[in-house]
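Asker: Requesting a structural model of the entry that follows:
(chains A and B)
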Amino acid sequence: MPRYNPSELEPRWQAYWEENATFRTPDEPGEKKRYILDMFPYPSGDGLHVGHPEGYTATDIVARFARARGESVLHPMGFDAFGLPAEEHAIKTGEHPRVQTQRNIDNFTRQLKMLGFSYDWDRVVSTTDEDYFRWTQWIFLVLYDTWFDEDAQAGRPIAELPIPAEVEAEGSDAVCKYQDKHRLAYQDDALVNWCPALGTVLANEEVQDGRSDRGDHPVKRIPLRQWMLRITSYAERLLDGLDDLDWPAGIKKLQRDWIGRSTGAEVDFYVGEDASRQQWLDSRQDGGFPAATDSSFLRVYTTRPDTLYGATYMVVSPEHEMLGELTTSEQADAVQAYCEKASFKSDRERTDGDRAKTGVFTGSHAINPVNGQPVPIWVADYVLAGYGTGAIMAVPAHDDRDFEFAKQFDLSVVPVVNPPDDHPQRDEILSGNACFASEGNAINSGEFDGQETQAVKTAVTAMLNEAGLAAVAVNYKLRDWLFSRQRFWGEPFPILHEIDEQGELTGMKRAVPDSELPVRLPELEDFKPHGRPEPPLAKADDDWLYVTLDGKRYRRETNTMPQWAGSCWYYLRYIDPQNQQAMIDPTREQTWMPVDLYVGGAEHAVLHLLYSRFWHKVLYDRGHLSCPEPFAKLVNQGMILGEVEFTGYQSSTGEPVSSSQVKRDAEGERVGPDGVPVTMIKLAEEEVSKQGDGFVLKDDPNVRIDSRAFKMSKSRGNVVNPDEVVREYGADSLRLYEMFMGPLEATKPWAMTGVGGVRNFLDRVWRMIVEPKADELVLAAAMSDEPCDADQKRMLHATIKKVTEDTEALSFNTAIARMMEFTNFFTRADQRPREAMQQFLVLLNPYAPHIAEELWQVLGGNGSISHQPWPQWDADALVEASIEVPVQINGKVKAKIQVASEISKEDLEQAALQDPKVESLIADRTIVKRIVVPGRLVNLVVK
RNA sequence: GCCGGAGUGGCGGAAUUGGCAGACGCGCCGGAUUCAAAAUCCGGUGGCCGCAAGGCUGUGUGGGUUCGAGUCCCACCUCCGGUACCA
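Answerer: Reported below is the predicted structural model:
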């Protein structure tokens, strides 16, 4: 029996494609190019997950479709192969991360090939290849060699940085240090998670509630010299660039919010001696608002300068540099104790949830510049050191956080914005017992009373600016990018630190010359932590660690780059993966960039995409790239959940508990109505039945059952393995099912019966062309060389149209539905024109390429079906002689009439009125309105 | 709390953007084929009322706009995802 046997035919066609290099990227792209990109995977030891092939199938369909339409396609794949799991494995087993990584890459490659994706396998890159990370290091050096010119809003070579005369005068070391302060890649002290018990520095994701994930040991935050990338300089450009991108609106918003631009004012509050205040004010009047700060005043950033009259106290962050000077001797102990406590808290703890506000009075006061009133200065950890100036003016009447703090410590509340007359809490607000954070008319604000918030903002800022006490300011939530990791399995930094004769660091550093790249990872005896808060590379032999260059001795940088580094620019290397002379050939870059379609998970919505855009813009500024944005169109595929599960609950005594009575207690534990924890039990579909909105236990309909699909996870045991699906149903069925489940962007649950459904469809396609009853592989008896009749032609051309349009719109599920209709139609026909079958296979090919190739050959086609041009539909063939039009009476369909498709409005109305059913329904009533939409419907409004 | 997204048959989902709700698939029911089964093929399948013809009702809830609303507007509910004091 010549049955459809994917396990035989799929590997055969995969071998054919490989041998014939069917999907090689053309060297000289034709008129239209299309760069179709997947977010490359981290090759984990678990292998491919069914979530991966969702996006990969979508892009593969688009790639095959575009090729058939004569476009030149670049469709590559690679591996984001640096990362923590391989390193942890190495620490445990002593096996070099490279070994395990290669094994995983091999397995991923096998699985990807098994699914028949049309990648150009000659262009595979892995971020761990020396040939690749050589250029990652090179790009780092571009960042290191660049400063950001605010006026030009562009990155420029560090050599072009204007050096102030006073720096110049101090000599070349001072100039170097000045330059270092302006580079896009610079060093700064930042806090790391140091775990003394494990003797290692941990990544944020390895720390849970201040304790290590592994072993549950305490983790301390200690400052360590770190590499930072000055992404904040590009904040404005990164914001602006979003406008022209064809990205989901949600992702753009996420990026905008992450960058978090706000405008307001910086305002200086005098903190010096009362006696010198007038002198200070005079100097400001003459000199204007200074760029640099000194200890005579406290500078704050606010987005609500209109509420300055309501600023009743100030707060500085525990890390604020002026805190020491502001603290009076009486308060010194309390302040010191408070700051110490704060320093032990992680960022997370400090900003976690709605915990009560804490803080300590410093003992000093500042003078509110608008009214000359003294206001107390507090220190509190609800003010973040890294945002704005690290200090705030607190307006408890109009800021929820300040209000909460003021209530806690009994500070005064002065309302300065009048809430609307109908505001439910108006009286409380005006008496200082509630907070009103919206806009309105000013009150208690001197000359500004009665004006609207926006006007007051501008006026107050202008007034203070006139006096040299404030200036308009812009702030971003975006922080500079902490770029170094204390890890082994990452790219080494191509940086050398100068050491003197005693082996001490001099503080001077230099880039490794281009010709010396790549800086390879050292060979280590083992990968176990060495117990110091220093990166593992510090364990390397002196051969690696120390370098002599131009007569000077250097110690290599021992931090490594984060995993993001390699993924920031891989899309460029695919274009020219073998280039030994450059990161990318400029002509090729111009030919293929930007990426026309980028598909991947929404979890990378912010970081990966923002980091990539940042690097891209720097490389663009420095003349290495021709387009300002890397990814023209972005699509996020939705998550695939496990099979739907029915979950019931049981009390401790084994009694079933209705899910409507199960609540979560304070710890998040599920408890029954008595507050005692319940146990979850998995139920089979047969044990439940539908009732109302939900499901209930069949045996006891009073017990409600939860029904939902969960994220796939090993611990839950609901992970679907693509290897098994391919073994059972074939790769074409897996591909087709992933696309048929629903819209690409939607989150959707897996259902193995659905895979059976699409497999059924492919079996039907097979039998539509191959004779199922014959012993040999022969064409179906119904196959005919006659042309299509009118109905067949209409079905064929309507299918071509629908599949073409839906594929273009990435609406794969409906395209597949249409191909199913086509197949149902033609399997019923006893004459199946060969030509229709052939055209159909070309449509099916992007979706299920193996069976399409096989049947194409069975039908006598030459070579690969992938070389066949995409069919065109004939609009004339779609026209039907007569169509059915519904007739509504008062908006409800009461009859259907058969009319000529080209019928005029008047004739359609006549036809509707003459329909016997309609006649009888309107017989004794009057028609008050007639709506006639030719080709669509007739609606008669009667009384 | 805030920000996104989504609520349509037993289930996954369609619906040319305001014009016949439920395409297609799964599941289920009936029939054909078979000694029997699998496979296959044909038909049915939102709910309620009715022997039937047919009628009523129906896209999370309540209101509104319209000749006409799953689709637009207002208010609310539920679920999923993200986020967390950014002044």
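Asker: show me where pLDDT drops low in chain A?
Answerer: Within chain A, the ranges that satisfy pLDDT under 70 run A:1, A:203-210, A:213-214, A:344-355, A:663-669, A:692.
Asker: domain parsing for it?
Answerer: For chain A, automatic domain parsing gives the domain ranges A:262-475, A:645-708, A:725-874, A:880-942.
Asker: Neighbours of the residue of the stretch 751-900 of chain A found nearest RNA strand B, how many?
Answerer: Going by CB to the nearest atom of the strand, RNA strand B is nearest to A:Gly757 of the stretch 751-900 of chain A, at 2.6 Å. For glycine as for every other residue, the C-beta is placed from the backbone atoms N, C-alpha and C. Neighbours of A:Gly757 under the rule other CB atoms under 10 Å: 15.
Asker: show me the contacts for it.
Answerer: A:737, A:740 (CB atoms under 8 Å, 6 or more residues apart in numbering).
Asker: which SS state does it fall under?
Answerer: Assigned with DSSP: H, G, I helix; E, B strand; the rest coil, A:Gly757 falls in the helix class.
Asker: In what element of secondary structure is the closest residue to A:Pro833 other than its chain neighbours found?
Answerer: Leaving out its chain neighbours, the residue that sits closest to A:Pro833 by CB to CB, 6 or more residues apart in numbering is A:Cys788, at 4.9 Å. Following DSSP states H and E, there is no helix or strand that holds A:Cys788.
Asker: A:Leu298 now?
Answerer: With DSSP H and E as the test, A:Leu298 turns up in strand A:297-302.
Asker: List the neighbouring strands of the strand or helix carrying A:Val472 plus their orientation.
Answerer: Using DSSP H and E, A:Val472 maps to strand A:470-475. Sheet partners assigned to strand A:470-475 using DSSP bridges are listed as strand A:262-270 (antiparallel).
Asker: After whichever strand or helix holds A:Asp131, heading C-terminal, what element do we hit next?
Answerer: If you go by DSSP H and E, A:Asp131 is part of helix A:130-144. Beyond helix A:130-144 in the direction of the C-terminus, DSSP H and E gives the next helix or strand as strand A:146-149.
Asker: That following strand packs against which elements?
Answerer: In terms of contacts (3 or more CB pairs under 8 Å, 6 or more residues apart in numbering; DSSP states H and E), strand A:146-149 is packed against strand A:154-157.
Asker: and for the helix or strand following the strand it packs on, what are the contacting residues?
Answerer: Using DSSP H and E, the helix or strand that directly follows strand A:154-157 along the chain is helix A:165-170. Residues lying outside helix A:165-170 but in contact with it, judged by CB under 8 Å, 6+ apart, are A:174-175, A:178.
Asker: returning to what we had before: kindly provide the distance from the residue nearest to A:Pro833 to A:Leu323.
Answerer: To A:Leu323, A:Cys788 is 84 Å away according to CB to CB, to the nearest Å.
Asker: hmm, who's touching stretch A:399-413?
Answerer: Applying CB under 8 Å, 6+ apart, the external contacts of stretch A:399-413 come out as A:304, A:307, A:310, A:312-313, A:315, A:356-357, A:359, A:361, A:376, A:378, A:380, A:382, A:392, A:394-397, A:432-435, A:437.
Asker: of the contacts of helix A:165-170, closest to A:Arg103?
Answerer: Distance to A:Arg103 across the contacts of helix A:165-170 (CB to CB) is lowest for A:Tyr178, with 48.4 Å.
Asker: Tally up the residues packed near the closest residue to that closest one other than its chain neighbours, please.
Answerer: The shortest distance from A:Tyr178 to any non-neighbouring residue, by CB to CB, 6+ apart, is to A:Val167 (4.7 Å). A total of 15 residues lie near A:Val167 under the criterion other CB under 10 Å.
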